[in-house]
Every structure is written in C-alpha cells, then in structure tokens.
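>>> Sequence first, predicted model second:
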Number of protein chains: 4
Amino acid sequence: MAMVCISDFEAYAKKYLPKIVWDYFAAGADDCTTRDENILAYKRIRFRPRMLRDVSVMDIRTKILGSEISFPVGIAPTGFHQLAWPDGEKSTARAARAMNTCYIVSTYSTCMLEEISAAAPGGLRWFQLYIHRNRAASQQLVQRAEALGFQGLVLTADLPYTGKRRDDVRNGFRLPPHMKVKNLERAFEVCKMSLLDPSVTWNDIYWLQSLTRLPIIIKGILTKEDAELAVRHGVQGIIVSNHGGRQLDEGPATIDALVEVVEAVRGRVEVYVDGGIRKGSDVLKALALGAKCVFIGRPALWGLAYKGEEGLQDVLRILQDEFRLSMALAGCASVSEIDQRLVQFSKL
Amino acid sequence: MAMVCISDFEAYAKKYLPKIVWDYFAAGADDCTTRDENILAYKRIRFRPRMLRDVSVMDIRTKILGSEISFPVGIAPTGFHQLAWPDGEKSTARAARAMNTCYIVSTYSTCMLEEISAAAPGGLRWFQLYIHRNRAASQQLVQRAEALGFQGLVLTADLPYTGKRRDDVRNGFRLPPHMKVKNLERAFEVCKMSLLDPSVTWNDIYWLQSLTRLPIIIKGILTKEDAELAVRHGVQGIIVSNHGGRQLDEGPATIDALVEVVEAVRGRVEVYVDGGIRKGSDVLKALALGAKCVFIGRPALWGLAYKGEEGLQDVLRILQDEFRLSMALAGCASVSEIDQRLVQFSKL
Amino acid sequence: MAMVCISDFEAYAKKYLPKIVWDYFAAGADDCTTRDENILAYKRIRFRPRMLRDVSVMDIRTKILGSEISFPVGIAPTGFHQLAWPDGEKSTARAARAMNTCYIVSTYSTCMLEEISAAAPGGLRWFQLYIHRNRAASQQLVQRAEALGFQGLVLTADLPYTGKRRDDVRNGFRLPPHMKVKNLERAFEVCKMSLLDPSVTWNDIYWLQSLTRLPIIIKGILTKEDAELAVRHGVQGIIVSNHGGRQLDEGPATIDALVEVVEAVRGRVEVYVDGGIRKGSDVLKALALGAKCVFIGRPALWGLAYKGEEGLQDVLRILQDEFRLSMALAGCASVSEIDQRLVQFSKL
Amino acid sequence: MAMVCISDFEAYAKKYLPKIVWDYFAAGADDCTTRDENILAYKRIRFRPRMLRDVSVMDIRTKILGSEISFPVGIAPTGFHQLAWPDGEKSTARAARAMNTCYIVSTYSTCMLEEISAAAPGGLRWFQLYIHRNRAASQQLVQRAEALGFQGLVLTADLPYTGKRRDDVRNGFRLPPHMKVKNLERAFEVCKMSLLDPSVTWNDIYWLQSLTRLPIIIKGILTKEDAELAVRHGVQGIIVSNHGGRQLDEGPATIDALVEVVEAVRGRVEVYVDGGIRKGSDVLKALALGAKCVFIGRPALWGLAYKGEEGLQDVLRILQDEFRLSMALAGCASVSEIDQRLVQFSKL
C-alpha cells in the first residue's frame, strides 16, 4: 500500500498496533468531542488563494525561539513511544534530526533523556515537564535536560489530573511490564499519575525560572486570559493545546483558540499550536492565523508504528511536501508571506 | 461489562428492561425532537478552561434552598420506579440519601410517601405535585408530604394535558396490574391523567402557599416571561424543564432556555434545570450558565434498572467524579468559582 | 397497525399505492430540495411555550374569508384523487364536510365539479383554477364553480410550465385510460399541460374579477414583492406555496416565505400556507407566524389512499387533536391567543 | 436507462469508464473538500421566484465577448478527451458547435488544434494556455490558435504546480501510450507537468498581450484582490474557478467566490464561473450572482463518455431545457431580466 497522505499511516497503525495501544494513542476524554473537533475545525477555515505570484523558489524554513527548522512542523510531546516502535524515543529523535525539526521529548518517555540525546546528537530538542509533588524530582529533570543540551522547557499546564478516557478505563490500560517511565526516580503506575501536583499555579513559573536558563514554553493555553497571564509571567512561548482532546472534553478546538490567543499576545511571545494537523494545508492555516510553528502528536506515533525512524520521516516529508505545495498554490513563496488575509472562517 | 459512563447504564437498561417499559421511560412527544435537543444543545456549548489554578483541594458541595448537598445533582421527579426495580422509590430514596443529595418524589410514585420516608429517614426530599381537579386530593398530598418532612414542594406546570408519546400509544402503555399509583385516593388510568386540572393558573400558587409553609419550586418554565411571573408570585425556585421532551415537542432545549430564565430572574430565586444531563461536564455547563443545581431523570431510572439503590449510587458517583474532574480541568476548585466566563456557545 | 400520526399514513400509502402513483404524489422538482425543505424548515422553529394558563376550554375554530371552519387546516388542491381511491374527489369532499373544513378542488380533478358538489352538499369549497390558452374554457370553469356554490376562486400562479419531476419522466407517468380530467372540455395529456397559458400576468386578475363575484385567492406567492402586487390587484387571499416543491426547486420553504409575505401584507388580506405540514404543532407554528389557516396536500392523499373518506377524516382528526394539544401545551386556549411571541427561529 | 438529468451521465461514466480514468476525471486535491463544496455551495442559495410574468416567449441566448451563444453554458477546458471517447476533442468541438456554444480547448488536448478546428469549422472556440518554461513553445501555441480562428485566450493562473490528487498518485495515472498531448513540441510526462513555469506573474499578461490580438481571459481567480489586479492588467474576462477542486483544497466554492469577484469588478470586464454546475437552475443562480456565462467540466466529459458528440449534446440540451424552465418558473423571460434579487443565501 502506498503511503500517500497522513490518513494512510493512521489506517496502518489502527490495523497493526495492539488494540490496547491503538486505543491509548487514539483516546480522547469523555465523548471525544474535542479530539474530533480539533480536526473538524480546520475544515471550517477556507483559503483565499492568490494567483500569479512567482513561486518558483520556495522557502519553507522558519525559526522557533531563534533556532532554524526546515519547516514549521515539530514533534509534540507524547508518551511511551516504545509502544509504537521498539526503539521508542530514540527513533523519534533520529527522525526529527534527519528532518531538521524540533522534537519535544515527553517526561513520560520510555527511553532515558540521556539515551535520546545520544541517539541523535545535535538535534533540536525541548523537554516537556509536569511538575511533581516532589519538586526535587522535577528540578532534577529540568537540570538533566539542560545539561544534555535541550533548548527549551515545555511546561504542560492542562493536566492537574488525568482526563477520563473511557477506553483506557475499559481496557485497564497500563504499560507492559518490560517498559518503564525511565526518567522518573522510581517506576509508578502511569494511569494514576498520582505524583503530579494539582496545586501548581502561575507562581511556579517563577520557581522554574529560578532553576534554569532555558526558555520556558507553556503548553495547554486556550483562552486570552491565560495567554495574558503567560506573557506577564515571562514565558518565551505558548503552545495552544487541549492535549489532543484527552483532558477536558468540549473545550475549543485548538485552531479556534489560536485566534483568541494570538490576538491577546500581540506578538510579545511566540505562539504554537498542536492538535488536528493532518495535512500540509492545515499547517498553512495555522500559520496564517498566527502560529509560528505547529506540533504533531498522533501522526508522529503513526509514523513510528509504520516503520520507526523511517516511518516518522515519511510522515514529516509528506507534511513538508504538502505544506510547500499549499503555500505555492496559495501564492506564498516564503513563510514570511503568510498572513491572515490568506484565510477566512466558513460561515458553515 | 464495566460501567464507565452514563451511556453504559442506558445501554444496559435498553437491553434488559421490557420493551414497553423502556419505551415509556425513553418516550418523547411527537418526533422526540426536544428530547434529543436537550442532549445536543449541551454539545454546542464550549468550555473556556483556565490553567494553573490550585485545584488540589476540590469542594463540589452546594446548597439548595439552604440545604447542603454533596454535589449539584439531584433526582428529578419521574413516575413508576417499580417498573425499573422492585423496590421502586424506596431504592431511589436510599441511594439519594447515601449520596447526600436531593430526591424529588413524584406524585406518580409506585410507593407511598410514607414508605419512601421510612426507607431513608432524614434524606433531603422534595415532593412533586400536579394539581388535580379534586383540590382536596391535592391539598391532602401536600399536607402529607409536609408532615413527612419533605422540604420543598415542586409544582409541575407543563402538564395541563399529557403530551403525545407515540410509542406509548402504540404499545397501549399502562401500569401492570400489581402496581399502583399509591399516593392517590383511588387507582386510575395513568395515561389519561384525566384527574389533572387544565384550568390551573398562576393564582393557584397563592392557593398552594395558603396550604403549606414549604417553599414552592415551579417546574416547567421555559421563557423569561414565565420566569418573571414565577418570581412575582413568590415561588422560591424554578426548575427549567421541558419534562424530558415528553410534553410540547419542539420547544427549546432546557440548557438554552436556562440562559433566558437566569437573565430574567436576576438572582431573585434559585434556578435549576433538568433534561439532557449525561456527563459531569454537562453539570458544569449548567452551573456556569446560572443553574444552582441540576436534576437527572432518565439516568436515575437506568441506574435503578441496573442494580436498584446500588445502581443509582453508581450513576450518581460517576457524575460526581466526572463533575469534580471537569471542574478541576476547567480551573475551578469550588462551586463558587464557576461562572459564565467558563463557557461560550459554539457558532455551529 | 395503529394510525397514530401522519407518518403512519405516509408509510401505508408508500406500501400500498402502485409505485407510479406513489412517485407522482411524492414527486418534487429536480433534486427535491424544496419539497424536503418544506418539512425541515418547520423543525428549525422553536416554540416558546407559556405555562399556567387556563386551557380547560379549548376553542380551535377559525374563519377564512368569513366562513367558520372547525380548525385551521383545509385541503389543498391536488390532482387525480381517483389514483388514491376509487371515489376520488367525492370522498375528499365528504371528508372535508364531515370535519367541517374547507376543500380546494383542483382543476385536475378526476370527478366533475357537479359530482363533487352533489357528493357533499353544503360543504365549504373553493375552486382552484389554471388559466388556459383558451380563455373561454377557463371562464366556463369559473362560472360553473360559482353556480355550484363554490365560495372562493384559487388562482395558481406558479405553473406557467410544469416543473421537472424526474421520477415522472422516468416512469412515463400519465393517467390510466379509465380516468379523465373531466372538468376540461376534451381529454388531454396531463404531463404536457400544453393547454396552460404561460403568458398570464397580474392583469389577468382583473379579467378574473370581471367574470365572477367570488373572492380570489392567489396561490404560489413566495416573495414580499409579489405579495404587495397581489394586494394591489385586489385579491382577497394569498396562499404561500411552492406547489409542494414540484415547480422551481431550491426556492424557499413555505414557512420561511410566510414570514416575508405576512410582513409585506400587513393584515390587508388573509394569508395561508401549504407545504410541509405533518403535525398539529406545524399548524400552530404557521399560525404563530401569521397564517390564518394551512392547507394539506400529500397528507390528504395518504388519508384517501388508506381508507377513502374515512381515512382522510382520520388524518384530519389526528391533526386536529395534535393542534389542540399543542395549543394547550403552549398555553393558548383559543386561536386568537396565538401570536409571534410563541415561536423563535433556531440558530441552527 | 433514460438520461433525465446530469447525474445520470455521471452514473453512466462511473460505471463504464476504466477506473483509472474515472478517478482521474473525478479527482480533487487532498480530501476533495473543495471539489464537493463547489456543488454543496449551490444548494445553500435559494431562489426568490416571481410569479405572473409573461414567460410565453423565452429568450435564453447571451453574448460572451461579443459572440452570441445559444444559452449561457460553455465547455470548460479539461484535458485528455480521448480518455472519454475515441474521437476526443473533435467530438467535443462538434457538439459545442451543434449546440451553438463556446468550447475552451485545453492545452492538454489529445487532438491537435488543427484537427479540432477542422472537425467543426466555424465553431466558437477559445484556447486555454499554460505558460511553459520554454516561452517560445507557449508563443507558438498562442499564435497557432489565433491563426486557426480561436477567438479568445484563456490563461490558467492556478497551476504553478499540480495539486495533490491522491487517487492519481495511488493509481500511477499517466496517459496510455497511444495517446499524446499532441499540441506540445515533444511528449512529456503529464503528471509531472515539469514544463510549466511557476515563476509566472501578472507581468506576463503584458507579454501575452504583445503576442496576440485575442482577448485574454484569466482563469482561476478567487479573490477580490486578484480580480482587481486582473482588471488593471487589461484582461477581457475572468473565469472564477478552483480548477474543479483539483488544485488547492479548501479554498472557496466558486459560486461563493463569484460574489466577491463580481463586486470587485464592478462590470469592467465579463466574469464567468466554472465548478459544481449540475442543473439548469445552477446556471440561473450563477447568472443572478453576476456571471455572464458558466462553463462545465466534468459533465461534458460524462456526456462524451456516454456517446461522444451525441452524448455531450444530450448533456447540453438537458442543461438548456432545465435552464429555460428554471428561468420561466422564476419569472424571467430573457437573460437580461436575471439579477441578484432573484436569489438569497440560505442561513443554513
């Protein structure tokens, strides 16, 4: 079967992954409304393509927090890559480096940060952090990441408790015994996530800033009010995210929330978005609405499930080709030419 | 089969209840548009969740007319609980008390008010009343309820005649011979409800007030005009309700009508809502839009059908857990922090 | 099978009528969008029901052009009733008289006007007219109808040519040889309708007025502009109609057009509507939006197909009961209490 | 099977064409959203039909750039007609001439321009051009067309690169070996279209104007900004088109974009539209919204696939009959009576 578009990888993963794993990756909270809305919301945005512009030389590179990437698509933090492919996050890191893009490594990796770094030295990586009840554990993780050359710290803000994902409850999902969340001091039961601290507030940003010189990106912002708070607390970036629809169901689709956040931020920090990206043209829409870069979650896992490092590169390359073609057909030869006039919201 | 969400109980009830009973509980008027809209309307409301608030200590209690309940979900008045479970309303009363919430006992109970009270002494209960042509019968019911310690009187306003529920007509629904509407002087054919008085008007509120010191809650209000009238006639509470879509089809979904009613009432009396609640997050939406508490009808029956008192407790506990989690994920640590900024109506 | 609602008659007719006849009655123009929209548009209208009004005595009578009818539902003009029931329009006339309502007899009746009159003497009937190329033929029809005691003349304005009904073309629909369009001088091929005059204009209203003292009702108006012209040309009534979606596809649903027409007419003449009425509550919506009465087309044919005169009475009685119940549940005890505040258009 | 409407030809073509050919003709870019939206958008437009106008004599002729055509439907440029019928574009040319309408011959014809001209001398034809990297090749094509009596030059603006049509990629679509793109100097692989020049800009309009005295029509405009640029660069006509949804997916439906373009152009040049025309009433809608003429792509191919020249005439005749009937039923006796008051956009 030819792998022509991202849906092909999804179909492959659904067919070949163990059901319990597929369900875990696919899961959304409650009725999965938000998970699905993330995708549907893109369909309500229409391009206003411009013609007869010289698009013979295309430049799709961009920079995030000063680092150049080959195109504005990075790898969002998702857990447990060994469930998709034996080499787990090491493959992810290699694919991201090969494609010259950014990989946000999850706290819930099944490989050690050290292993991931060693697998793809020099790659652009950010580290995703949950703040634990045991602050020393979090501090140690941050400092390990910084020492290993990670270039950004992504604080996930939308998981004081884990969302209710019905299939995982029914399946009794847990990691198989031979996999571990290696980056944490001691193994623990993941589904409970009882180590996470639900008392975290904006003031903990200051604490994080005191631990590290890494730029801090906050992930999970969906409102203008929180965007303003993020800027005021000195973060360097915001990832508009609803955790792939896995936390609070029936919040906004991320592409819809992006508009509100971008307007509130007024260019003071970089804004990114994840959730629902399935085509290169989705990337173009997100950039037109003010995102500096997008991050993909499930599509990366499907790529891994298909062929590990190589499969993930296939996914990224397809998105890259589609993004470049969409830009050209919309009349943009470089990322700097993309702006809001390129899109409109469908009345339907 | 694990009972993970309310739909699981619905599926169970549909499978195991006799068809004629399932149809009766499920019935909506005419095309069942309003019955279904009650649910769909919740899906058009989007959360605006807030992040990084301390939600380590959650307080989901509330008060209705001065009585504390463990969380803002009570049991709406529905008839004929023995159709769902042999012990009928006695089981309902026990479950409500066990979960420390309010149970509105229907006039059309298959257990005597005295039996219900004895089954769960000390539970918070309100009594639901239709006004009969024979006013003495209604007066006697009110005074029995008051004497038994019921703490509120719920006047149903939307049933001058019974709505047209096609399946019940086709099935020739009637109570099986061994069940009785025990609270009324003599048995009568329920589907006709020929004892109800369609000449009732707002002035009858004054008559009710003359009979009892119980607070009066009016159930079935859907417009701002009637909300204003209710306040002016001195009721203590309003339940926004369309009788589960069983009366006038193609009226508004209750969550939509709630907005209009809350705005008209301007805090002068408490406003509640029933209809379409299927998830803890629905409760959160209703509270964000101004409801003090919600009441569940069919889900309670499904719980009873599953395992009687225990099954209804399961239903309530699931809603409670989901409500608590939704609040936390939306950034609210206590019910008092919930307000209208938490939601927006989807444009779709 | 119990006949509980109008859809039951539809299902019966679909099952028992010859396919070519069912197709002819069911046919809409082109994609049948407007035919179906007529029904869907009612579903977008929501009631705002009022509570605690005395609805113990219901009065559902109304008057059209001065004649009292038992409830505001008449029989729209449709052709070829013998296709549905052997006695054809004679049965229709008897049922309409029995239910004390108005029957608009079509030019394309399969019974003579004289037979129809004789079948139900004293019934309230209007005569529906197409203007033919041979004006003398039309004049003769008008004068026969007036002489027979018909009390109104309904000029159909939306059929200069016959709409394209694909199934009729595929089926090669034509009347079976033993049926005739008896009211016209000589038999002719109905599907061509080549006798109709496509040059008719508003001035022909004056010509009609010169022929008869009957009030003239114009049928097929869908815009405010034409409503204004109709009033200016001295008609006594307007039937908002799109010919059951059989003429121009993708025009407005009649209930939507009604709003525009009623606003333009400002009470100067009576306004009626046909198309899409399937429930008593649809009648209530039409009246709330300003219609004086509605007319049913296909449902009458389904009633005939079920049991002739008796079946049509069943249909009318169901609509009557549903209308009365809807009124009561909406808080209206008489037709005069129905007004626009009773409804709102759904945003969806 | 009777061919009653355009969908019948579609069904025929889907059944009898080789799958790879059907897929090629049917293909849309990416998710085919825009391809399908082209059709759906027509359904959201409602007529406001007018009654009692004299429509006994219908005149459906119009003029495009000064040439009279029998009705406002021409043949859009599509490639490879031999895939549909052995005689290819020669049949198309004969059918267009027989129906007295305009045929826009594609650069990617499988017949030589000279053969096409010889097949139907005197027919009204425009030539569709892509600008190639080898400008001399383009110049030669333009001048051949002009010499052959083509009366307009249609520059396609929306194909700097070919859109991503997944089925074509999966099928490995390419012309069968016995077919050639005969008008180009040397055969080449069509799917790559590597000969097209993606550096073309508005200035190349001036270059084209220097080559030919033919009027220039620009095809592929979807925004007011580009419409304004087109007028300023001196084109004689604009075809609002999204290439049948085959280029940038999720741009606007053409009938929606038409409104914006017509408003911007303010009558300075003629505006046409293609995409989604499936019924005569679609043509009427397009004219009401300001199009001077529409062009059909896939329906013409389906006609060819059915019976070559004769089949295409059938398609055109059906559209002609439907257009005439729609006009009459909407109250327009000639094309000059069609204006924007005839339509409104549905709120749904």
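Nice, I can see it. Numbering: from 1, shown residues only, chains lettered A, B, ... in the order given.

>>> near chain D, which residues of the stretch 1-150 of chain A show up?
Counting by Cβ under 8 Å from any Cβ of the partner chain, the residues of the stretch 1-150 of chain A close to chain D are A:2, A:4-5, A:43, A:45-56. To be clear about C-beta, it is placed using only N, CA and C from the backbone, and glycine gets the same treatment.

>>> Of those residues, which is the nearest to D:Arg144?
Comparing the residues of the stretch 1-150 of chain A next to chain D against D:Arg144 with Cβ to Cβ picks out A:Leu52 as the nearest, at 23.6 Å.

>>> Near the closest one, how many other residues are there?
Close neighbours of A:Leu52, defined as other Cβ atoms under 10 Å in any protein chain shown, add up to 24.

>>> pretty sure it contacts D:Asp204?
Yes. Counting by Cβ atoms under 8 Å, A:Leu52 touches D:Asp204, with 7.4 Å between them.

>>> Got the phi and psi for the nearest residue to A:Gly237 once chain neighbours are set aside?
Among residues not flanking A:Gly237 along the chain, A:Ile217 sits closest, at 3.7 Å (Cβ to Cβ, 6 or more residues apart in numbering or on different chains). With angles defined as degrees, to the nearest 10, A:Ile217 sits at phi -110, psi 130.

>>> Could you pull out the helices in chain A for me?
A:6-16, A:19-26, A:33-43, A:89-98, A:113-119, A:135-147, A:166-171, A:203-211, A:224-232, A:254-265, A:280-288, A:298-330 (DSSP state H).

>>> Can you pull the residues of the stretch 51-200 of chain A lying near chain C?
Contacts of the stretch 51-200 of chain A with chain C, taken as Cβ under 8 Å from any Cβ, are absent.

>>> So for the closest residue to A:Glu263 other than its chain neighbours, what's the pLDDT?
Using Cβ to Cβ, 6+ apart and skipping the chain neighbours, the partner closest in space to A:Glu263 is A:Lys224 (6.8 Å). pLDDT recorded at A:Lys224 is 98.

>>> Give the full set of residues in contact with A:Lys224.
If a contact means Cβ atoms under 8 Å, 6 or more residues apart in numbering or on different chains, then A:Lys224 has A:Glu260, A:Val261, A:Glu263, A:Ala264 as its contacts.

>>> and those residues, which are buried?
Neighbour counting by 16 or more other Cβ atoms under 10 Å in any protein chain shown classes A:Glu260, A:Val261, A:Ala264 among those as buried.

>>> quick one on the thing from earlier: can you report how many residues neighbour the residue nearest to A:Gly237?
That count, for A:Ile217 with other Cβ under 10 Å as the rule, works out to 25.

>>> Leaving out chain neighbours, which residue sits closest to the residue in the stretch 151-300 of chain A positioned nearest to chain C?
Of the stretch 151-300 of chain A, the residue with the smallest distance to chain C, taken as Cβ to the nearest Cβ, is A:Glu250 at 17.0 Å. Counting by Cβ to Cβ, 6+ apart, A:Thr33 is the residue found nearest to A:Glu250 once chain neighbours are left out, at 5.1 Å.

>>> quick one: that neighbour from B:Ala330, how far?
Here A:Thr33 is placed at a distance of 15 Å from B:Ala330 (Cβ to Cβ, to the nearest Å).

>>> what does A:Thr156 give?
Counting by Cβ to Cβ, the gap from A:Thr156 to B:Ala330 is 16 Å.
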